[in-house]
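*Asks:* here's a sequence, model it:
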Amino acid sequence: FLPAAFLLLLVPIPAAVVNQIIYPLQLANAQASAVVLNEVLGIPASSSGTVVTTASRTFQVIETCAGLRTIGTLWMAAIVYADLFQRSRTQTVLLLIAAPLIGAVVNLGRVLSLMLNPAGEIAAIHTLQGILMTVVGVLLLAALDNLLVRAFPADAAYLARWSPPIHE
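*Replies:* Numbering: from 1, shown residues only. Model prediction:
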């Protein structure tokens, strides 16, 4: 099932569907960025649509910063991770549910880092931050998996009992 699901994620989503997904993600990122800037960092900011305005700069959360690729990448990583480490169905389902949420949070971190970085508009920095946030997302998935293994020890014991022995 997991390899088939992975392959389905490689099928391009129709443009009309992508637009229906991306615009709400843009709005959510803009609004969440303004809240984090105001409430957490103490930087006065407001959002209107996909635009975030501070006292010194104006930012627009464009389509490529909406987070759809980050969410998709982390969903694919969760599939590979669950299959590679032979996680139980319960753990796999929980990883697959958590992956888009982790992707959204990691993408928000990326958007905020671009807003706070004076050189954020430089393409190389933009790309580097995307790669860094993907690594952070995969590490968060691994940390969640570690918690799930501890939370469901019966699943881990069951899988260990039915796994083929490894001989050196």
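*Asks:* so where does the residue nearest to Gln91 when sequence neighbours are not counted fall, helix or strand?
*Replies:* Excluding the flanking residues, the one nearest Gln91 by Cβ to Cβ, 6 or more residues apart in numbering is Leu148, at 4.7 Å. Heads up, the C-betas are built off the backbone N, CA and C, glycines and all. Per DSSP states H and E: Leu148 is located in helix 123-151.
*Asks:* quick check: buried residues in that helix?
*Replies:* Across helix 123-151, burial judged by 16 or more other Cβ atoms under 10 Å covers 126, 129-130, 133-134, 137-138, 140-141, 144-145, 148-149.
*Asks:* least confident of those residues?
*Replies:* For the buried residues of helix 123-151, the minimum pLDDT belongs to His126; the value there is 73.
*Asks:* that one contacts Leu114, correct?
*Replies:* Yes. Under the criterion of Cβ atoms under 8 Å, His126 makes contact with Leu114 at 6.6 Å.
*Asks:* now the chain, which segments are flagged as low pLDDT?
*Replies:* 2, 119-123, 154-168 (pLDDT under 70).
*Asks:* so what's the most centrally placed residue in the chain up against?
*Replies:* By Cα atoms, centre = their mean, the mean C-alpha position of the chain lies nearest to Gly103, the distance being 1.0 Å. Counting by Cβ atoms under 8 Å, 6 or more residues apart in numbering, Gly103 touches Gly67, Thr70, Ile71, Gly72, Thr73, Leu74, Trp75, Gly137.
*Asks:* hang on, the earlier thing: and the residue nearest to Gln91, how close does it get to Val36?
*Replies:* 28 Å (Cβ to Cβ, to the nearest Å).
*Asks:* again with Ala55
*Replies:* Ala55 sits 16 Å away from Val36, taking Cβ to Cβ as the criterion.
*Asks:* between the two, who's got more neighbours?
*Replies:* Taking other Cβ atoms under 10 Å, Ala55 and Val36 do not tie; Val36 has more neighbours (17 against 7).
*Asks:* check contacts around that one.
*Replies:* So Val36 contacts Leu108, Leu112 (Cβ under 8 Å, 6+ apart).
*Asks:* cheers, nothing more for now.
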